[in-house]
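1. Got a predicted structure plus its sequence, pasted below:
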Amino acid sequence: MSIPDHDNVKKWAGWFRTLPTLWKFITVVIVLILLGGFFYFQYMKLPSLQRDLNDLQKTNTSLSEQNKELKTEILLLRKENEGLRETVAPLFRQAAKEFPGEEINISLKKIIERMEAENPYGKPIATFTATAEVMIESNIQGDGYTEFMVDKAGFLVFAKQSDSLLMIFSRKEWRKQTGQGQVIYNSNFSLDATDPAAGRPLYFLKDTEYIQIFFYTIIPKSKVVGGRVICIINNLIRFEFVIPPQETTDKMIFIRDLSQFHQLLKESGN
């Protein structure tokens, strides 16, 4: 915008002086309003509009990210739904075949209840036996098996933190010298019918964090080479656990890797 020259200024000034007083007042008011509006918009309204625009841009960015996350979740749900359909479809066909004419929800419930009743992992624990075999380094001399009837029971515990979930006992232990500086200890454990775990479904052992074994006749501080524990539940289910190398404290032996046990319980329908 070019600056008016001197002659033009004089011309406009002369024109303004010829105006009546009222029109002069109106002209001044109009100019002041225009100038006030310009300064208000330039220094007050425009920054506020700029802030609002920035907030809208941030909101738009956030909504775009949420939209991407929702699309990802929808894809995952679709995949899960497809997998669920593949799993449930055979049950629907079986329910329709075995209970024709009944409502699908009722017939499907019957099928599921029957499957749960037939699942050995869901049956109450009636018997629980275990055979523990552990090899330790020892210079004990001898040949063949030596049998011990112990005054205090040895035990095997499925535990969570300091709580016992299931405890089984043994009052007989066997020991055999291998002839190679190692001794094998063996004991059979069984569940007492009055134990709180009796009658509960096997699923409740899913909370087990470790297995603790106590042999009464071994040396309090022994070096364990290895071993295994075989459990039989209700004469139907068999688990085998590996005893890793370790040093005992107060005759205690621990099994802490129970990943396969937990996975088996999970896959069995828990």
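-> Thanks, I have the structure now.
2. going forward, measure contacts and count neighbours with C-alpha atoms only.
-> OK.
3. low-scoring stretches of the stretch 51-200 of the chain, by residue?
-> For the stretch 51-200 of the chain, the stretches flagged by pLDDT under 70 are 81, 83-85, 87-88, 91-92, 94-95, 111-118, 140-152.
4. where along it do the strands fall?
-> Under the criterion DSSP state E, counting those that start in this stretch, strands of the stretch 51-200 of the chain are mapped to 128-137, 145-160, 163-177, 182-190.
5. And the one helix or strand residue 50 maps to, what does it pack against?
-> Using DSSP states H and E, the element containing residue 50 is helix 46-98. Judged by 3 or more Cα pairs under 8 Å, 6 or more residues apart in numbering; DSSP states H and E, the packing partners of helix 46-98 are helix 104-118.
6. do you know how far residue 99 is from residue 86?
-> 21 Å (Cα to Cα, to the nearest Å).
7. These two: who's more crowded?
-> residue 99 (16 against 11; other Cα atoms under 10 Å).
8. just checking, that one touches residue 107?
-> Yes: if you go by Cα atoms under 8 Å, residue 99 and residue 107 touch, sitting 5.9 Å apart.
9. quick one on the thing from earlier: for residue 258, find the nearest of the strands of the stretch 51-200 of the chain.
-> strand 145-160 (10.5 Å; Cα to Cα).
10. tally of neighbours for residue 136?
-> For residue 136, the count of nearby residues is 23 (other Cα under 10 Å).
11. what do you get for residue 52?
-> 12.
12. Could you measure from residue 198 over to residue 233?
-> On the measure of Cα to Cα, residue 198 and residue 233 end up 11 Å apart.
13. I meant to write residue 164 there.
-> 18 Å.
14. between those two, which one's more packed in?
-> Legend: neighbour count by other Cα under 10 Å for residue 164 and residue 233, higher for residue 233 (20 against 15).
15. from memory residue 197 sits against residue 166, does it?
-> Yes: with contact defined as Cα under 8 Å, residue 197 and residue 166 form a contacting pair (5.6 Å).
16. what's residue 137 in contact with, if anything?
-> Contact analysis of residue 137 by Cα atoms under 8 Å, 6 or more residues apart in numbering lists 181-183, 222-225.
17. Show me which of those are buried.
-> 182-183, 222-225 (16 or more other Cα atoms under 10 Å).
18. which ones are touching residue 157?
-> If you count contacts by Cα under 8 Å, 6+ apart, residue 157 has them with 164-168, 211-213.
19. Going by distance to residue 255, which of the buried ones among the contacts of residue 137 wins?
-> residue 224 (11.8 Å).
20. so what's the closest one bridging to?
-> Going by DSSP bridges, residue 224 is paired in beta bridges with residue 136, residue 246.
21. Same check on the one 4 residues further on?
-> Under DSSP bridges, the beta-bridge partners of residue 228 are residue 133, residue 242.
22. 22 is where my numbering starts, stick with that
-> With the count now opening at 22, the last piece we talked about shows up as residue 249.
23. what does the domain assignment say about this structure?
-> Using automatic domain parsing, the domains assigned to the chain come out as 66-139, 141-288.
24. Tell me which of the ones you listed lies nearest to residue 51.
-> domain 66-139 (20.2 Å).
25. Give me the distance from the closest one to the chain's centre.
-> 19 Å (Cα atoms, centre = their mean, to the nearest Å).
26. how many other residues sit next to the closest residue to residue 156 other than its chain neighbours?
-> Closest residue to residue 156 apart from its sequence neighbours, by Cα to Cα, 6 or more residues apart in numbering: residue 205 at 4.3 Å. Residues lying near residue 205 (other Cα under 10 Å) number 21.
27. how close does residue 205 sit to residue 89?
-> Counting by Cα to Cα - residue 205 and residue 89 are separated by 61 Å.
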